[in-house]
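Asks: pasting the sequence and the predicted model now:
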Protein chains: 2
Amino acid sequence: MPSSKPPNESPTSAARPEEPRKPVPPEAPELIWLRPERTGRGPKPAHSRDSIAAAAITIADAEGLDAVSMRRVAAALGAGTMSLYNYVPKKEHLLDLMLDAACGEYRLPPEPSGDVPADLAGLAHEQMAIFRRHPWLPGLVIARPGIGPNALRYTDHFLAVTAPTGLPGGTRMEAMAMFNGFICQFAQYEQTAAASAKWQAEMVGYLTQAAMSGAYPNLAQAFATAGPPADPDQAFDRTLDRVILAILASPNGS
Amino acid sequence: MPSSKPPNESPTSAARPEEPRKPVPPEAPELIWLRPERTGRGPKPAHSRDSIAAAAITIADAEGLDAVSMRRVAAALGAGTMSLYNYVPKKEHLLDLMLDAACGEYRLPPEPSGDVPADLAGLAHEQMAIFRRHPWLPGLVIARPGIGPNALRYTDHFLAVTAPTGLPGGTRMEAMAMFNGFICQFAQYEQTAAASAKWQAEMVGYLTQAAMSGAYPNLAQAFATAGPPADPDQAFDRTLDRVILAILASPNGS
DNA sequence: CTTCTCTAGGTACAGCGTACGTAGAAGCGG
DNA sequence: CCGCTTCTACGTACGCTGTACCTAGAGAAG
């Protein structure tokens, strides 16, 4: 660390040559992945990032993301609340750990098959399966960039899968963001709808009433033209096809 | 308290002629848009949903969505904290109000021009402009379905714009979700990156280190091939073109 | 052995959403 | 007109949150 940059130093005292720098390391990295899990000095930690993430995920799966509090997770680990802060400096970082642990559930083939649309569809369904296992996940994926080791494995695989398109790397990254975003959104919608039948009923009632009011003619027409409720899986595949098509399309619009 | 009210009453079941139904209406609608703003009986309310939403938005614009608490909003209105609950039964509903108020900022042309790609691009840029004005908005749009009157105006307009494609209404709704989702995600990424130069610097350092580790060969290659940082606006337009292309594509993949 | 750094955990605080109860204002039935 | 009813306004209080700060003690480095 050659950055001899004391930010909050008294301005008049210019040089403080032999002052021990260690006591307050002025800025630890904000990214949890930049902090080593172990520094190797004191007593051995009783927990690991993996076990912490697993405990948090268990809670989130059972009771939703709101139930994941520092106290809850610490208690699940059999630790004191504040002990958790030795592993996870902020709650944000706990969410990062959960996100990456969930990304570890991807079962990625060692090599792309070479059939880009098929590989992408497979990836999408894998992602959707994980989202259905962890309803809280889409919200996290959307909110924060996945950047942990497992998320990078996924990114790397996506880049491999789309390599045959010949698109530049940056463009393929953008495509991945679009791809993931679509799936997240779909999963989230599915869960909102599934969560509460009452909510859905109210929603339908309200929307039809709004459509009938005459203020939204196109909406009304869409409702009138609409057939039966439409199978969600079908809708997913249909829109997925469009997304894949968009990814494969050549940049300059044919 | 004459509340001799078993709460689990079958709502409309067999007539209960002389029981007073009013005392506790067993279930008020969950959707705030289904609750009338005024019932016209007691004293006149000192505030309106609009003014409440405006106050909340002012706070969110200045200090972020986390700063929007019931207490803060009530104080900004010069009201007691609990008075707010007369207008907004849950905080969730306050967010709904904010979301819809923001949707009121769309300046939509009275009629689509007929040039579908151009109209969609215009809509996207309008949305992006609103998102840049209200950094907290993308998070809300992604999290909860926009369903208020202003959101419906937007939906209706989108349906009108995409009408010339000949696609069925349901498909166009799915397309809209994809369209909005893409823009939200892009806006959110932009803000995360812009929020903290330190964060971005750490991120770049971490990613290049990860790429150099050899564990992510495709990522490394993408990094190596990448040119200069790429203008965000350009990236937006480029990906937007793809999204529009996906919307316009015929369902069965040409 | 001494020293230093690390971990574990308790206490405490400010702030959150909101359930509940009281006091008073305004419209409606008589 | 009165009185009843229903609304609004708002204070108090509870359980919960994230986390700053502090005290002990474990165990490697010198």
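Replies: In hand now; what should we look at?

Asks: just the closest residue of the stretch 1-150 of chain A to DNA strand D, please.
Replies: Nearest residue of the stretch 1-150 of chain A to DNA strand D (Cβ to the nearest atom of the strand) works out as A:Ser69 at 3.1 Å. All C-beta atoms are positioned from the backbone trio N, CA, C, and that covers glycine.

Asks: roughly how far does that residue sit from B:Asp66?
Replies: Going from A:Ser69 to B:Asp66 by Cβ to Cβ, to the nearest Å gives 16 Å.

Asks: comparing those two, which shows the higher neighbour count?
Replies: Neighbour totals were compared for A:Ser69 and B:Asp66, and A:Ser69 leads with 14 against 9 (other Cβ atoms under 10 Å in any protein chain shown).

Asks: out of everything not next to it in sequence, what's closest to the residue nearest in space to the middle of chain A?
Replies: A centroid search over chain A (Cα atoms, centre = their mean) returns A:Val141, at 1.8 Å, as the residue closest to the centre. Nearest residue to A:Val141, sequence neighbours excluded (Cβ to Cβ, 6 or more residues apart in numbering or on different chains): A:Cys184, at 5.1 Å.

Asks: now the one you found: how far from DNA strand C?
Replies: In this view, A:Cys184 and DNA strand C are 25 Å apart by Cβ to the nearest atom of the strand, to the nearest Å.

Asks: what of A:Glu92?
Replies: From A:Glu92 over to DNA strand C the distance is 17 Å, taken as Cβ to the nearest atom of the strand.

Asks: next, count neighbours for that residue.
Replies: 11.

Asks: next, the contact list for the closest residue to it other than its chain neighbours, please.
Replies: Nearest non-adjacent residue to A:Glu92, counting by Cβ to Cβ, 6+ apart: A:Arg144, 8.0 Å away. Contact analysis of A:Arg144 by Cβ atoms under 8 Å, 6 or more residues apart in numbering or on different chains lists A:Glu92, A:Leu95, A:Asp96, A:Leu99, B:Thr192.

Asks: buried subset of those residues as a ChimeraX selection?
Replies: A single ChimeraX command is used to select the members of those judged buried by 16 or more other Cβ atoms under 10 Å in any protein chain shown:
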select /A:95,96,99 /B:192
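
Asks: pull the contacting residues for the closest residue in space to A:Val116 that isn't next to it in sequence.
Replies: Distances taken as Cβ to Cβ, 6+ apart put A:Pro164 closest to A:Val116, at 5.5 Å, once the chain neighbours are dropped. Shown in contact with A:Pro164 (Cβ under 8 Å, 6+ apart): A:Pro112, A:Gly114, A:Val116.

Asks: so which of these are in helices?
Replies: Among the contacts of A:Pro164, the ones falling in helices (DSSP state H) are A:Val116.

Asks: show the buried residues in the contacts of A:Pro164.
Replies: Using 16+ other Cβ under 10 Å as the burial test, those include A:Pro112, A:Val116 as buried.

Asks: and which of the contacts of A:Pro164 is nearest to DNA strand C?
Replies: DNA strand C has its nearest neighbour among the contacts of A:Pro164 in A:Pro112, at 39.7 Å by Cβ to the nearest atom of the strand.

Asks: isn't the closest one up against A:Asp119?
Replies: Yes. Using Cβ atoms under 8 Å, A:Pro112 is in contact with A:Asp119, at 5.1 Å.

Asks: joint contacts of these two?
Replies: Taking Cβ under 8 Å, 6+ apart as the contact rule, A:Pro112 and A:Asp119 both touch A:Val161.

Asks: CA atoms only: put stretch A:225-244 into CSV for me.
Replies: Only the C-alpha atoms of stretch A:225-244 are listed here, as CSV (Å, rounded to 0.1, in the frame of the first residue of the first chain):
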residue,chain,number,x,y,z
THR,A,225,-58.5,-9.0,-28.1
ALA,A,226,-56.8,-11.0,-25.4
GLY,A,227,-57.6,-14.7,-25.3
PRO,A,228,-57.3,-16.8,-22.2
PRO,A,229,-54.8,-15.9,-19.5
ALA,A,230,-51.9,-17.4,-21.4
ASP,A,231,-49.5,-19.9,-20.0
PRO,A,232,-46.6,-18.1,-18.3
ASP,A,233,-44.1,-20.6,-19.5
GLN,A,234,-45.2,-20.0,-23.0
ALA,A,235,-45.0,-16.3,-22.6
PHE,A,236,-41.5,-16.7,-21.2
ASP,A,237,-40.3,-18.8,-24.1
ARG,A,238,-41.9,-16.5,-26.6
THR,A,239,-40.2,-13.4,-25.2
LEU,A,240,-37.0,-15.2,-24.7
ASP,A,241,-37.0,-16.0,-28.4
ARG,A,242,-37.2,-12.3,-29.1
VAL,A,243,-34.4,-11.5,-26.7
ILE,A,244,-32.1,-14.1,-28.2
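
Asks: can you list the buried residues in that stretch?
Replies: Neighbour-count burial for stretch A:225-244 flags A:Ala235, A:Phe236, A:Arg238, A:Thr239, A:Leu240, A:Asp241, A:Arg242, A:Val243, A:Ile244 (criterion: 16+ other Cβ under 10 Å).

Asks: got the residues of the stretch 51-200 of chain A near DNA strand D?
Replies: Proximity of the stretch 51-200 of chain A to DNA strand D is confined to A:Ala67, A:Val68, A:Ser69, A:Met70, A:Arg71, A:Arg72, A:Thr81, A:Met82, A:Tyr85, A:Lys90, A:Lys91, A:Glu92 under the rule Cβ under 7 Å from any atom of the strand.

Asks: helix or strand: which one has the closest residue to A:Thr208 other than its chain neighbours?
Replies: If the residues on either side of it in the chain are set aside, A:Thr208 comes closest to A:Phe223, at 6.6 Å by Cβ to Cβ, 6+ apart. Element membership for A:Phe223, per DSSP states H and E: helix A:217-225.

Asks: what helices and strands are in contact with the first helix or strand past that helix going along the chain?
Replies: Moving toward the C-terminus from helix A:217-225, the next helix or strand (DSSP H and E) is helix A:232-248. Helix A:232-248 makes packing contacts with helix A:116-133, helix A:169-195, helix B:169-195, helix B:232-248 when contacts are defined by 3 or more Cβ pairs under 8 Å, 6 or more residues apart in numbering or on different chains; DSSP states H and E.

Asks: centre of the chain to helix A:232-248, how far?
Replies: From the chain centre to the centre of helix A:232-248 is a distance of 20 Å (Cα atoms, centre = their mean, to the nearest Å).

Asks: which residues touch that helix?
Replies: A:116-117, A:120-121, A:124, A:128, A:162, A:165, A:175, A:178-179, A:182-183, A:186, A:190, B:170-171, B:174-175, B:177-178, B:242-243, B:245-247, B:249, B:251, B:253.

Asks: out of those, which are buried?
Replies: Looks like the contacts of helix A:232-248 have A:116, A:120-121, A:124, A:128, A:162, A:175, A:178-179, A:182-183, A:186, A:190, B:170-171, B:174-175, B:177-178, B:242-243, B:245-247, B:249 buried, using 16+ other Cβ under 10 Å.

Asks: rewinding a little: so which of the residues of the stretch 51-200 of chain A next to DNA strand D is the most crowded?
Replies: A:Val68 (23 neighbours).

Asks: what about A:Ser51, neighbour count?
Replies: Per other Cβ under 10 Å, the neighbour tally for A:Ser51 reads 13.
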